[in-house]
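Participant: The following comprises the amino acid sequence and a computationally predicted model.
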Amino acid sequence: MKADPKGVLTGTHFLDGDHACCEGALAAGCRFVAGYPITPSTEVVERIAARFPHVGGMFVQMEDEIASSIAILGGAWAGKKVMTVTSGPGLSLMMEHVGLAAISETPCVFVDVQRGGPSTGLPTMPAQADIMQARWGSHGDYEVIALSPNSCQESFDLTITAFNLAEEYRVPVMFMLDECVGHMLEKVVIPEAEKIEVTPRNFTKKKPGEFKLKETDDSMIPEMVKAGDGYNIHVTGLTHDERGYPNLTPKIQDQLVRRICDKIRNNADKLYMAEEIMMDDADIVLVAFGITSRVSMKAIDMAREKGIKVGMLRLQIIWPFPETKIRELSEKIKGFVVPEMNLGQIVLEVERCAAGKVPVVPVSNAGGAVHEPEDIFNAIQGIVK
Amino acid sequence: MSTKQMKITGFGGQGIILTGMLIGKAASIYENKYATLIQSFGPEARGGACQAQVIVADDPILYPYVRECDILISLSQESYTTYVPSLKEDGVLIYEENLVIPGKLPKGVKSFSVPSTAIAEDLGRKIVANIVALGFFTAVTGIVSPEAMKKAVQATVPKGTTELNLRAFDKGFEHHKNGK
């Protein structure tokens, strides 16, 4: 369906990535946000607090991050599209509810504007070191979808995608900005509402009594209901059967956990979203995301000037990781270079999929500042030699 | 012009970030160029060191941080001392005449000064000193047309202050054009 024009600020703007994320959420139909402001994500909720009341939405500044993340799950079951916004320290506190969202299959978006960590770290400076936390931070087996924008325009565009995927797959969707994209201002074009595609919630047409909370077809994704519609439902973090009731047996555990993982794993190729840049003749492929992918373009230009054939796979969806693509590439290229603003996270995934067939070279950086393009260029040259 | 990298510096409360935002907005919305603004500031709301890094270019900007500073705008002594070493040879320095005493400059730097705070006080509101400096910057550098800059000012400043801000812009612009 098309976006509700009430939430769409059509026009050309000069916005930071945080503000663009807020506008993306509005355009996507998000109408409930609970959060506990934290640098460098504060600007997202600052704008939300100002904008939401005018479009029939609600923002609640909660007492902490734990309260924020559980409030949005409640909001989702009340029928709203929901989001919370934080940075690394807050995301750590929210992890319990990422797991609850995964097992209860609650559509929701967690925005993480990444700063240097661990702990309080570097509040005002960029990093990309929460990538593994976004995937593995809560306990147990589960899957998420994670996206990372590399411009303010994409912060708007991909926030809409994040909400659409949350509805389609009923998983927590992690929206991973970095401080640089979050605090940088650029031109952002917001189209007319009728040009924005949004995914509505898949509410059941079954009657109360016929409806089972977790009954699924081949899609592996159940239909949803909302509070007040007359369905007696039980939403729990305990292992549960098709009806939603606790059933603590290995058989039901296997069925449930496999399904909430397989609904993403089996669709991983459909969830491939990456920009393939100068890949046609590339011997060496950079794998990068967020602001690092832009800095990498400078390194590619430097390498191409020297006649080195380099391309880039710029990840827009990071999780599920594009395993198939990396496996295919490792059959035909000479090596991967993985620059990221952490001490080596996505490089582990690239190594896993490349499976020793070609060299995989990390270009790590502990955060605080983006890479110098020369460092990435040197790694490219290292493989050629 | 292909790419111009600049830093607008001063202390928190002088409207440094807003000045950078207006340059970026004018270039990217009203002149169809590309622009990025990186803001950095300390935890202080006012009085702390503050800088905006702006890049204006004809092509998409990959690396949004200023690596070679073509133009430095300095509205405080502290920011001048901190950032003038980053100004490149043959760059342009614009400074607040009554708040900055410049020292030795990198080779070939052209410097221009404007008493933006005093001009703003003459207009009745010291708060528009940054817009005076913006007008002066526009006249000195020619990176963005005064028309585009004024559109950005009109679209951004609070209602009821538009006329004052546009006058402040013109005063700054004329200050350079009058050869002062």
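Facilitator: Structure's in. What do you need?
Participant: can you map out the helices along chain B?
Facilitator: With DSSP state H applied, chain B shows helices at B:16-30, B:77-83, B:116-122, B:129-141, B:146-156, B:162-177, listed in chain order.
Participant: again with the stretch 201-350 of chain A
Facilitator: A:250-265, A:291-305, A:323-330, A:346-354 (DSSP state H, counting those that start in this stretch).
Participant: What pairs with the longest strand belonging to chain A, parallel or antiparallel?
Facilitator: Secondary structure of chain A read by DSSP state E shows that its longest strand is strand A:108-116. The strands that strand A:108-116 pairs with in its sheet are strand A:81-86 (parallel), strand A:122-126 (antiparallel), strand A:172-178 (parallel) (by DSSP bridges).
Participant: Find me the pLDDT at B:G12, would you?
Facilitator: For B:G12, the model assigns a pLDDT of 85.
Participant: Among the helices of chain B, show the one with the smallest mean pLDDT.
Facilitator: When the helices of chain B are compared by mean pLDDT, helix B:77-83 comes last with a mean of 92.
Participant: circling back: quick check: mean pLDDT of the longest strand of chain A?
Facilitator: The average pLDDT for strand A:108-116 rounds to 98.
Participant: Then stretch A:91-105?
Facilitator: Along stretch A:91-105, the predicted confidence averages to a pLDDT of 98.
Participant: CSV please, covering the strands paired with strand A:108-116 and showing mean pLDDT and mean neighbour count.
Facilitator: C-beta here means a position set from N, CA and C on the backbone, and glycine is covered the same way. Shown next, in CSV, are the strands paired with strand A:108-116 (pLDDT from 0 to 100; neighbours: other CB atoms under 10 Å in any protein chain shown):
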stretch, mean pLDDT, mean neighbour count
strand A:81-86, 98, 29
strand A:122-126, 93, 19
strand A:172-178, 98, 29
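Participant: Columns distance to A:P246 on top of those strands, output as CSV?
Facilitator: Supplementary listing: the strands paired with strand A:108-116 in CSV, determined by distance: least, CB to CB, whole Å:
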stretch, distance to A:P246
strand A:81-86, 25
strand A:122-126, 41
strand A:172-178, 21
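Participant: between those, which one is nearest to A:G57?
Facilitator: Relative to A:G57, the nearest member of the strands paired with strand A:108-116 by CB to CB is strand A:81-86, separated by 9.5 Å.
Participant: Tabulate the CA atom coordinates of that closest one in CSV.
Facilitator: These are the backbone C-alpha positions of strand A:81-86, laid out as CSV (Å, rounded to 0.1, in the frame of the first residue of the first chain):
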residue,chain,number,x,y,z
LYS,A,81,4.3,0.3,13.8
VAL,A,82,6.9,0.9,16.4
MET,A,83,10.6,1.8,16.8
THR,A,84,13.1,2.6,19.6
VAL,A,85,16.2,4.6,19.1
THR,A,86,19.5,4.2,20.9
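Participant: Chain A: which of the helices of chain B is closest?
Facilitator: Go through the helices of chain B one by one with CB to the nearest CB and the one that ends up closest to chain A is helix B:16-30, at 4.0 Å.
Participant: Next one: that closest one, is it in contact with chain A?
Facilitator: Yes. On the criterion CB under 8 Å from any CB of the partner chain, helix B:16-30 is in touch with chain A at B:21, B:24-25, B:28-29.
Participant: Please identify the most buried of the helices of the stretch 201-350 of chain A.
Facilitator: Ranked by mean neighbour count, these are led by helix A:291-305 with a mean of 22 (mean count of other CB atoms under 10 Å in any protein chain shown).
Participant: Dump that one to CSV, keeping only the CA atoms.
Facilitator: Output for helix A:291-305, consisting of C-alpha atoms alone and laid out as CSV, is shown next (Å, rounded to 0.1, in the frame of the first residue of the first chain):
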residue,chain,number,x,y,z
ILE,A,291,30.3,5.6,6.0
THR,A,292,33.3,3.3,5.5
SER,A,293,31.9,2.4,2.1
ARG,A,294,32.2,6.0,1.0
VAL,A,295,35.7,6.4,2.3
SER,A,296,36.5,3.1,0.4
MET,A,297,35.4,4.7,-2.8
LYS,A,298,38.4,7.1,-2.5
ALA,A,299,40.7,4.1,-2.1
ILE,A,300,39.1,2.4,-5.1
ASP,A,301,39.7,5.5,-7.2
MET,A,302,43.4,5.5,-6.1
ALA,A,303,43.8,1.8,-6.9
ARG,A,304,42.1,2.1,-10.3
GLU,A,305,44.4,5.0,-11.2
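Participant: Name the residues that touch it?
Facilitator: Here helix A:291-305 makes contact (CB atoms under 8 Å, 6 or more residues apart in numbering or on different chains) with A:126, A:128, A:150-151, A:178, A:180-181, A:184, A:277-278, A:284, A:286, A:288, A:310-312, A:314-315, A:339-341, A:370-371, A:373-374, A:376-377, A:380-381, B:62-64.
Participant: Filter these down to the buried ones and hand me the PyMOL line.
Facilitator: If you want just the buried ones from the contacts of helix A:291-305 in PyMOL, going by 16 or more other CB atoms under 10 Å in any protein chain shown, the selection is:
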select buried, (chain A and resi 126+128+150+151+178+180+181+184+277+278+284+286+288+310+311+312+314+315+339+340+341+370+371+373+376+377+380+381) or (chain B and resi 62+63+64)
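Participant: can you list the residues of the stretch 51-200 of chain A near chain B?
Facilitator: Where the stretch 51-200 of chain A comes near chain B, counting by CB under 8 Å from any CB, the residues are A:124, A:180, A:183-187.
Participant: As a markdown table, the residues you listed with secondary structure would be great.
Facilitator: Below are those laid out as a markdown table (DSSP: H, G, I helix; E, B strand; the rest coil):
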| residue | secondary structure |
| --- | --- |
| A:T124 | strand |
| A:C180 | helix |
| A:H183 | helix |
| A:M184 | strand |
| A:L185 | strand |
| A:E186 | strand |
| A:K187 | strand |
